[in-house]
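A.B. asks: Need coordinates for the below:
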Amino acid sequence: MKSVGTYMAIFGAISIALHFFNMELRVLSWIENWGPGIGWAIRGGLIAVGAGLWFIGRQQEAKQG
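C.D. replies: Just a heads-up that it's a prediction; the model follows:
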């Protein structure tokens, strides 16, 4: 779960950075179909959910080891 969260947060952050250069990751090119507001919500959601999964995975690793 920790690695999935890491990838989600990274993709969200890269998507935000590329958006300022009028570019987008090919995997996330569909998010602009619903408009800029929803696109920003999806990017922010990717970062928030990814960070949440990362923290949950980190806690589970700490409990196991």
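A.B. asks: Would you state the helices of the protein in chain order?
C.D. replies: 2-19, 36-64 (DSSP state H).
A.B. asks: Now find how far off-centre the last one is within its chain.
C.D. replies: Helix 36-64 has its C-alpha centroid displaced from the chain centroid by 7 Å (Cα atoms, centre = their mean, to the nearest Å).
A.B. asks: what about it, average pLDDT?
C.D. replies: The average of the pLDDT scores along helix 36-64 is 95.
A.B. asks: ok, back up a step: any idea which of the helices of the chain is most buried?
C.D. replies: helix 2-19 (a mean of 16; mean count of other Cβ atoms under 10 Å). C-betas here are computed from N, CA, C, even on glycine.
A.B. asks: so what does that helix touch, helix or strand wise?
C.D. replies: If you count contacts as 3 or more Cβ pairs under 8 Å, 6 or more residues apart in numbering; DSSP states H and E, helix 2-19 packs onto helix 36-64.
A.B. asks: Please give me every residue in contact with the closest residue to Leu53 other than its chain neighbours.
C.D. replies: Spatial nearest neighbour of Leu53, chain neighbours left out: Gly5 (2.9 Å); criterion: Cβ to Cβ, 6 or more residues apart in numbering. Counting by Cβ atoms under 8 Å, 6 or more residues apart in numbering, Gly5 makes contact with Val49, Gly50, Ala51, Gly52, Leu53, Trp54, Phe55, Ile56, Gly57.
A.B. asks: so the fifth one touches Tyr7, yeah?
C.D. replies: Right, Leu53. No - using Cβ atoms under 8 Å, Leu53 makes no contact with Tyr7, being 9.5 Å away.
A.B. asks: Find the residues that touch each one of the two.
C.D. replies: If you check Leu53 and Tyr7 against Cβ under 8 Å, 6+ apart, no residue is contacted by both.
A.B. asks: how far away is the residue nearest to Leu53 from Gly37?
C.D. replies: Distance of Gly5 to Gly37, given as Cβ to Cβ, to the nearest Å: 25 Å.
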